[in-house]
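In: Take this sequence and fold it.
(chains A and B)
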Amino acid sequence: MATDYSKYLRMDKLPLYWCPGCGNGTILKSIITAIDELGWKNDDIMMVSGIGCSSRATGYVDFHTIHTLHGRALPVATAIKMCHPGMHVVVVSGDGDSTAIGGNHFIHACRRNIDLTLVVVDNWIYGMTGGQYSPLTPTGTKGSTMPRGNIDPNFDIVKLAEGAGATYIARSSVAEPVILKNYIKKGLEHTGISVIDAMSNCHIQWGRRNKFGDPVKLVNHIKEITISKTKAAKMTEEELKGKYITGIFRDDKDKKEYTQAYKELIEKAQNE
Amino acid sequence: MAVEQTPVVIDEDLCTACGICVNVCPKNVLEIVEDLHIWTGSMCKVARPEDCIRCKFCENSCPHFAISVLDSGIEATFQDSKGNTVTKSK
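Out: Numbering: from 1, shown residues only, chains lettered A, B, ... in the order given. Here you go, the predicted model:
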């Protein structure tokens, strides 16, 4: 079925502000297509974002939206979910926004298992502010604050979420938008926190400094370095060095959801 | 009843000519054409509409919501690259 995007977009805000070929648009499209396939109404969805290129997504969609402080998208989303447990809350956040400035909020949202869908747009850099390195920038690559190469080891967002206790974790990239859409759809359906690491291309801030200045070249590079889970199981550790494994890493339905636990607590207190 | 449009439609107000659709198309339907009247300097055009198999790779990969592809099965009447009028459902 063809998706009518105009139903979900504020058409008067288009064309998009993002650079030509930026992966943020593909990820926004995947979210919209997933919501369209689920048949949810616009008024039942709340989209929250922090600050950054990817966080401009809330400006273009015709849901309930809020564009909050840098790194504080998850606390705002948690508050909204606690006040309106029936609402579907989607958080779109960049890599610097969710793992550096909002890193603490990220691990605690995972720990609580509150029913949010967090899409982390992982483009390896702070794009909007001018190419500073983020905790997800691969070691050895260049940026405006690391002209001779990054010496920091980078986070693995999947392992971080696993350790913090998230119940749905998946990773995909803009090079395979249909698979990304399917993972986001599963995450939206999941009760409890779902973390989707959507690898994106920033050919302007990251790419130009690392010989990937063309969007097609960088998308092809992302396609080369991402390997599916089943394929990766047959490979040795040496072959997997520098590669990103994609797939669904955890889908746990047993852990109690936070708003549900809170509701039970209220009922218990009222019956005493 | 056949609709009178090409299977792939590009919204030229939204297209930024990034070239991702041209890269993913398996049948080489699309093409980047130089057009100096546009701020990007070029524009994506449907060069060979009769070859389209409606796989929707371009629609799903387009970051700027510029491409829409007809569903497989809907009959469309359009002019192919040689100027003949053809009707195709796939």
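
In: where does A:Val48 land in three-state SS?
Out: What DSSP: H, G, I helix; E, B strand; the rest coil gives for A:Val48 is strand.

In: Please report how far it lies from A:Asn104.
Out: For A:Val48, the distance to A:Asn104 equals 17 Å [Cβ to Cβ, to the nearest Å]. C-beta: built from backbone N, CA, C; applies to glycine.

In: if you count what's nearby, which of those two comes out ahead?
Out: Neighbour totals were compared for A:Val48 and A:Asn104, and A:Val48 leads with 28 against 11 (other Cβ atoms under 10 Å in any protein chain shown).

In: So for the more buried one, what's the nearest residue that isn't a sequence neighbour?
Out: For A:Val48, ignoring the flanking residues on the chain, the nearest one in space by Cβ to Cβ, 6 or more residues apart in numbering or on different chains is A:Ala77 at 4.3 Å.

In: One more: A:Pro85?
Out: Distance criterion Cβ to Cβ, 6+ apart; nearest residue to A:Pro85, sequence neighbours excluded, is A:Thr259 at 4.3 Å.

In: can you give me phi and psi for A:Tyr244?
Out: With angles defined as degrees, to the nearest 10, A:Tyr244 sits at phi -110, psi 130.

In: ditto for A:Ser55
Out: Here is the backbone geometry of A:Ser55 (degrees, to the nearest 10): phi -70, psi -10.

In: what about it, how many neighbours?
Out: Counted with other Cβ under 10 Å, A:Ser55 comes out at 24.

In: What of B:Thr85?
Out: Neighbours of B:Thr85 (other Cβ under 10 Å): 9.

In: what do you get for A:Gly165?
Out: 18.

In: what secondary structure does A:Ser172 sit in?
Out: At A:Ser172 the chain is in strand, as set by three-state DSSP.

In: and it, bridged to which residues?
Out: A:Ala198 (DSSP bridges).

In: what's the closest non-adjacent residue to B:Asp51?
Out: Spatial nearest neighbour of B:Asp51, chain neighbours left out: B:Lys27 (4.4 Å); criterion: Cβ to Cβ, 6+ apart.

In: and the one you found, what does it touch?
Out: The contact partners of B:Lys27, by Cβ atoms under 8 Å, 6 or more residues apart in numbering or on different chains, come to B:Arg48, B:Asp51, B:Cys52, B:Ile53.

In: quick one: which of these is nearest chain A?
Out: Using Cβ to the nearest Cβ, B:Cys52 is the member of these that sits closest to chain A, with 14.0 Å.

In: looking just at contacts, which helices and strands does the helix or strand hosting the residue nearest to A:Val48 meet?
Out: Here A:Ala77, judged by DSSP states H and E, is contained in helix A:73-83. Applying 3 or more Cβ pairs under 8 Å, 6 or more residues apart in numbering or on different chains; DSSP states H and E, one finds that helix A:73-83 makes contact with strand A:45-49, strand A:88-94, helix A:103-112, strand A:116-122, helix A:258-271.
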